[in-house]
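**Student:** What shape does this take:
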Amino acid sequence: MEATIQLTYALDTFYFLVTGALVMWMAAGFAMLEAGLVRAKNTAEILTKNFALFAIACIMYMLVGYGIMYPSEGNGLIPVVDLGFMFGGDHALADVAAGGINHAKMSDFFFQVVFVATAMSIVSGAVAERMKLWSFLLFAVVLTAFIYPVQGYWKWGGGWLQELGFNDFAGSGVVHLCGASAALAGVLLLGARRGKYGKDGSINAIPGANLPLATLGTFVLWLGWFGFNGGSQLALTGFENTNAVAAVFVNTNMAAAGGTLLGLVTARLLFGKADLTMALNGALAGLVAITAEPLTPSPLLATAIGGIGGILVVFAIVALDKLRIDDPVGAISVHGVVGMWGLMAVPLTNDEASFAAQAIGLGAILGWVFTTSLIAWLIIRLTLGLRVTEDEEYAGVDLAECGLEAYPEFVGSRRPT
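**Tutor:** Presented below is the predicted three-dimensional model:
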């Protein structure tokens, strides 16, 4: 019996860690996607942001965030912060619980920290091409240490949203809506890129420099999402868990496929062309939509849920442009608008969910993250400043912030005068 328990624990923990590694690989996907959708003169800086934010997320979540999100005590709204993990954590074999085997804190921390980094990666693309690097990284400290963990505690740490019956299997709200809400607050204070919107009300397209790279990044994210959703089952052993993981993998894949095709078709109907960027965002929208509940839908319904996400994201990107909200990669539309759709779609297939609880959870996450992020961004703007100068933006933030260019042979060796 003891050997069976240890083997089951080892297999579940190994699965947990491997799926966490897949989610970590999504950091590469975000970096490639964003690098492909910005102009060449801003590539090195956005890669620096994505690389550095992952390190910041890991350190800040270890120091503070994990203890906030998974406290030893709390009243459901405000956690009693437990900072013991940073001094060693729990290496012991977990006890057998009624629902299976609990993971030791080390494996749980690793799986959770890559989710935190994903939320911060969403912000990176939305504020691209005009934000100061160090202002962005300072905000990353605040989001990963405090803003994200508090709302994460409300749901996944056993807080009031969990008690309310709010459902969010892998994070359409806790991760994606959180990142999009923080991004929206930053974009509103930051303003649009110069030349994006004309004084006559025109909207000027600013194409990305490398669509093959953006496509590769989307495929990497698609792959990583199997860890994102599949790992959120938390265990693999046993017929119930094994079958659930298989269903989650299939539904995740089908939602992405549905989002891709309907995003592409919607773009064709609206613009008269097969817009690759809309197909890419359609795939991501399908993945975000199914993340709130990838277990209970049938494959056909999962395809439909993802497909509706693909349609929504095209209209959302167009609508934000009309509102003069400049999001170079469509992150707010993909993760915010479609994240809300994913949350509200849960009761369509999950009998234990209610539209009321889903709406309350959606509003709580959006309200908390947007408000606290707006305050944080405002403080940073009043101290360090948020935006590079007009000359620096024209020359490219690669030179202004990093002192080098990603494509020097193509862009040319421009140096500030």
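
**Student:** SS state for Glu405?
**Tutor:** With DSSP: H, G, I helix; E, B strand; the rest coil as the basis, Glu405 sits in coil.

**Student:** I figured it hits Gly396, correct?
**Tutor:** Yes - with contact defined as Cβ atoms under 8 Å, Glu405 counts as touching Gly396 (7.3 Å). Quick note: C-beta positions are derived from backbone N, CA and C, even for glycine.

**Student:** can you pull the buried residues of the helix or strand hosting Gly186?
**Tutor:** Here Gly186 sits within helix 178-190, counting by DSSP states H and E. For helix 178-190, the neighbour count (16 or more other Cβ atoms under 10 Å) marks Cys178, Gly179, Ala180, Ser181, Ala182, Ala183, Leu184, Ala185, Gly186, Val187, Leu189, Leu190 as buried.

**Student:** right, and the last one touches Arg130 too?
**Tutor:** Read that as Leu190. Yes - Leu190 is within contact range of Arg130, at 6.5 Å (criterion: Cβ under 8 Å).

**Student:** which residues are common contacts for the two?
**Tutor:** Arg387 (Cβ atoms under 8 Å, 6 or more residues apart in numbering).

**Student:** returning to what we had before: format the buried residues of helix 178-190 as CSV; extra columns: distance to Leu301 and pLDDT.
**Tutor:** As requested, the buried residues of helix 178-190 are exported to CSV (distance: Cβ to Cβ, whole Å; pLDDT from 0 to 100):
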residue, distance to Leu301, pLDDT
Cys178, 26, 98
Gly179, 26, 98
Ala180, 24, 98
Ser181, 27, 98
Ala182, 31, 98
Ala183, 29, 98
Leu184, 29, 98
Ala185, 34, 98
Gly186, 35, 98
Val187, 33, 98
Leu189, 39, 97
Leu190, 39, 97
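
**Student:** Tell me the one among those residues nearest to Leu77.
**Tutor:** Proximity of these to Leu77 (Cβ to Cβ) peaks at Cys178, which lies at 16.9 Å.

**Student:** Quick check: that closest one touching Gln151?
**Tutor:** Yes - shown here, Cys178 and Gln151 form a contact pair, counting by Cβ under 8 Å, at 6.2 Å.

**Student:** Now the common contact residues for these two.
**Tutor:** Residues touching both Cys178 and Gln151 (Cβ under 8 Å, 6+ apart): Ile365, Val369.

**Student:** Name the nearest residue to the residue most central in space within the chain, sequence neighbours excluded.
**Tutor:** Geometric centre of the chain, nearest residue: Ala119, 3.7 Å, by Cα atoms, centre = their mean. Nearest non-adjacent residue to Ala119, counting by Cβ to Cβ, 6 or more residues apart in numbering: Gly179, 4.1 Å away.

**Student:** Just want to check the distance between Gly403 and Asn50.
**Tutor:** 18 Å (Cβ to Cβ, to the nearest Å).

**Student:** what about those two, which has more around it?
**Tutor:** Between Gly403 and Asn50, counted using other Cβ atoms under 10 Å, the more crowded position is Asn50 (23 against 10).

**Student:** With only the CA atoms kept, save stretch 163-174 in PDB.
**Tutor:** Output of stretch 163-174 as PDB, limited to C-alpha atoms (Å, rounded to 0.1, in the frame of the first residue of the first chain):
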ATOM      1  CA  GLU A 163     -17.300  30.000  -1.400                       C
ATOM      2  CA  LEU A 164     -19.800  31.900  -3.700                       C
ATOM      3  CA  GLY A 165     -19.600  29.200  -6.300                       C
ATOM      4  CA  PHE A 166     -17.600  31.100  -8.900                       C
ATOM      5  CA  ASN A 167     -16.100  28.700 -11.500                       C
ATOM      6  CA  ASP A 168     -12.800  29.300 -13.300                       C
ATOM      7  CA  PHE A 169     -11.100  26.000 -14.000                       C
ATOM      8  CA  ALA A 170      -7.700  27.300 -15.300                       C
ATOM      9  CA  GLY A 171      -8.000  31.100 -15.300                       C
ATOM     10  CA  SER A 172     -10.000  32.900 -18.000                       C
ATOM     11  CA  GLY A 173     -10.700  35.400 -15.100                       C
ATOM     12  CA  VAL A 174      -7.900  34.900 -12.600                       C
END
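
**Student:** Can you point out the buried residues in it?
**Tutor:** Leu164, Phe166, Asn167, Asp168, Phe169, Ala170, Gly171, Ser172, Gly173, Val174.

**Student:** before we move on, what about stretch 203-213?
**Tutor:** Of the residues in stretch 203-213, Ile206, Gly208, Ala209, Asn210, Leu213 count as buried by neighbour count, 16+ other Cβ under 10 Å.

**Student:** Ok, stretch 380-394 next?
**Tutor:** Within stretch 380-394, the residues scored as buried using 16+ other Cβ under 10 Å are Ile380, Arg381, Leu386, Arg387, Val388, Glu392, Glu393.

**Student:** pLDDT at Leu83, what is it?
**Tutor:** In this model, Leu83 is scored at 76, pLDDT.
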